[in-house]
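Peer 1: Dropping the sequence and predicted coords here.
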Amino acid sequence: MDRRATTKKGLGLALVARALERGLMTRAQAEGALDEHARAKADGRRIALPALLIKRGYLPALVCRRLCTEIDAEKSGDGSGPVRTSGATTPRPRAAEPKADPAKADPPRSKTSGVRPSRAPARPLPRGSKSSDSMRGLARARPGAERAERPVPASSAELEADTHTDSDDGTTHRPGGDLATDRLQPTSAPEAVVSVLEADLPGLKVIEQIGSGSMGFVFRARQRMLGRHVALKVLSTDGVPPAAVERFRDEALLAARLRHGNIAWVLGTGAAPGFLYIIMEYVKGRDLAAILADRGPLPEFRALEVAAKIADALEHVHGKGVVHQDVKPSNVIVREDGEPVLSDFGLAASLDGDHGVAHHKTLFGTYPYLPPEDLLRGRRTPSAAGDLYALGVTLFRMLTGELPYGCSDVLSLREAIRKRGCPDLEGRAPAPLAPLTREALRLALEVRPRRRFESAQAMAHALREAQSDLTS
């Protein structure tokens, strides 16, 4: 077997073991990643295990690189690994092996990865923190201080590869990697990141971390003078591809155009040493995906109400020359007063193609919510019709608790679209749907974009007519 391939395989398994040891991944996540990696290899698809962990959001890219650096350093430092010189590897001479000491026996292998856990001593945790220790090294920059670049070991180079695999769990696929703002349980914020941000933004007090992704974080913060809470979306620029930095800036530019009651507002943007940030309206509530997971399908009237208000938001978005490109339940936050808010413009694009992710040569987004025209040709093209189709899938989920075609990988979706055309609506909801509701769904989920609603405003009008029909 090729020595480099063996080294990369060993690095991936050691990375999983180290992440499990430090509590950065759950056992279920590790097993799922290993199973998916094995399936990809069996199918002939080349994807490095560390890159897969980043793509699925199991580990941030910065954490992956730091752990890989530690693993490589341990291999080189204890005589068990190769000597690295200018990117090449030279076998290290084997030293005489000492006699085994039973008192220093190797720890048992991990059942998940088959790799021995590291013997590195655990670092002390601050009081009240579970994850700060593992994240402490993500950023060392301070205002006015010089920042030394961390070298990436040769065997960790695959972390930067733009590898793409299909997802069967509704994961958002982003071209080249980006910050995913999925709502998570609040955890202790990385101290170094918070220190830099608060020094650069003295008017803000960071309260907690509420989300994370492959290259950054989302915090809840308080504006001291105004006494209000905001969301602080942060992208680390340390080792991040320039395209990802450009997309982050485009997200701020596009979202700043928008002012609507059902859209999370952008309040400001800027740069701190080693980071870019966007200050956004903090929406207190739960995302629609979590609500559907807990409660199942929504009542027909409520589902139509939520969809109509998101259609209002999309009408405003499209009127400003922007398309969202990632409409789905997890990007709809339902406030405590019941009002839905459209969030996360990380994949947005301008219709003129000047800003955002536009006319990409590959598929990106969440596959079950992509319009059929993009799935069939294998690339994304920004369009208002694509957003309306994604809203139709979201409405279908609200009414039935299911995806329209019952699958989420690209190949199965393409086959279903070619064989069945528009998804079947009969018998999918817990109770029979009203005729106007079925008609609105049928138009939103049309395979041919020219047969869908001509605008978000037209879709909102049809949804409200269906609501009125239910109460008449």
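Peer 2: Yes, it's here. This one's a predicted model, so the numbers in the text were calculated from it and none came from an experiment. Numbering: from 1, shown residues only.
Peer 1: pLDDT below threshold where in the protein?
Peer 2: 1-9, 57, 77-190, 213-215, 353-361 (pLDDT under 70).
Peer 1: the domain parsing of it - what is it?
Peer 2: 1-83, 191-281, 285-471 (automatic domain parsing).
Peer 1: Kindly check the end-to-end length of the last one for me.
Peer 2: Looking back up the chat, that one is domain 285-471. 28 Å (CA to CA, to the nearest Å).
Peer 1: Would you map the strands across this protein?
Peer 2: For the chain, the strands defined by DSSP state E cover 83-85, 88-90, 204-212, 216-223, 228-236, 266-272, 275-281, 285-287, 322-323, 332-335, 340-342, 349-350.
Peer 1: As JSON lines, these with mean neighbour count would be great.
Peer 2: C-beta coordinates here come from the backbone N, C-alpha and C atoms, glycine included. Shown next, in JSON lines, are those (neighbours: other CB atoms under 10 Å):
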{"stretch": "strand 83-85", "mean neighbour count": "12"}
{"stretch": "strand 88-90", "mean neighbour count": "11"}
{"stretch": "strand 204-212", "mean neighbour count": "19"}
{"stretch": "strand 216-223", "mean neighbour count": "22"}
{"stretch": "strand 228-236", "mean neighbour count": "22"}
{"stretch": "strand 266-272", "mean neighbour count": "16"}
{"stretch": "strand 275-281", "mean neighbour count": "21"}
{"stretch": "strand 285-287", "mean neighbour count": "18"}
{"stretch": "strand 322-323", "mean neighbour count": "26"}
{"stretch": "strand 332-335", "mean neighbour count": "20"}
{"stretch": "strand 340-342", "mean neighbour count": "23"}
{"stretch": "strand 349-350", "mean neighbour count": "22"}
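Peer 1: JSON lines for these, including distance to Gly427?
Peer 2: Shown next, in JSON lines, are these (distance: least, CB to CB, whole Å):
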{"stretch": "strand 83-85", "distance to Gly427": "62"}
{"stretch": "strand 88-90", "distance to Gly427": "61"}
{"stretch": "strand 204-212", "distance to Gly427": "37"}
{"stretch": "strand 216-223", "distance to Gly427": "40"}
{"stretch": "strand 228-236", "distance to Gly427": "41"}
{"stretch": "strand 266-272", "distance to Gly427": "43"}
{"stretch": "strand 275-281", "distance to Gly427": "40"}
{"stretch": "strand 285-287", "distance to Gly427": "28"}
{"stretch": "strand 322-323", "distance to Gly427": "33"}
{"stretch": "strand 332-335", "distance to Gly427": "26"}
{"stretch": "strand 340-342", "distance to Gly427": "27"}
{"stretch": "strand 349-350", "distance to Gly427": "37"}
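Peer 1: between those strands, which one is nearest to Ser195?
Peer 2: Ser195 sits nearest to strand 204-212 of all those, at 9.3 Å, using CB to CB.
Peer 1: Show me what that closest one is packed up against.
Peer 2: Strand 204-212 sits against helix 191-200, strand 216-223, strand 228-236, with contacts defined as 3 or more CB pairs under 8 Å, 6 or more residues apart in numbering; DSSP states H and E.
Peer 1: Return the distance of that strand from the chain's centre.
Peer 2: 17 Å (CA atoms, centre = their mean, to the nearest Å).
Peer 1: same thing with stretch 447-456?
Peer 2: In terms of CA atoms, centre = their mean, the centre of stretch 447-456 is set 28 Å apart from its chain centre.
Peer 1: follow-up on the earlier one: Pro435: which of the strands of the chain is closest?
Peer 2: Nearest of these to Pro435, taken as CB to CB: strand 340-342 at 24.6 Å.
Peer 1: From the contact count, pick out the helices and strands touching the closest one.
Peer 2: helix 300-319, strand 332-335.
Peer 1: Let me have the ones you listed in a markdown table, extended by distance to Ala14.
Peer 2: Formatted as a markdown table, those follow (distance: least, CB to CB, whole Å):
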| stretch | distance to Ala14 |
| --- | --- |
| helix 300-319 | 44 |
| strand 332-335 | 38 |
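Peer 1: which one of these lies closest to Glu454?
Peer 2: helix 300-319 (11.3 Å).
Peer 1: how about that closest one: buried residues?
Peer 2: Applying a neighbour-count criterion of 16 or more other CB atoms under 10 Å, the buried positions in helix 300-319 are 300, 303-318.
Peer 1: if I look at Leu433, how far off is Glu305?
Peer 2: Distance of Leu433 to Glu305, computed by CB to CB, to the nearest Å: 15 Å.
Peer 1: And for Ala271?
Peer 2: Ala271 is 40 Å from Glu305, by CB to CB.
Peer 1: again, but for Arg414
Peer 2: In terms of CB to CB, Arg414 sits 33 Å off from Glu305.
Peer 1: what does Ala51 give?
Peer 2: 41 Å.
Peer 1: what about the helices in this protein?
Peer 2: For the chain, applying DSSP state H gives helices covering 3-21, 27-42, 49-55, 61-77, 132-135, 191-200, 242-255, 288-295, 300-319, 372-377, 384-400, 410-420, 435-444, 456-471.
Peer 1: Sounds good, over and out.
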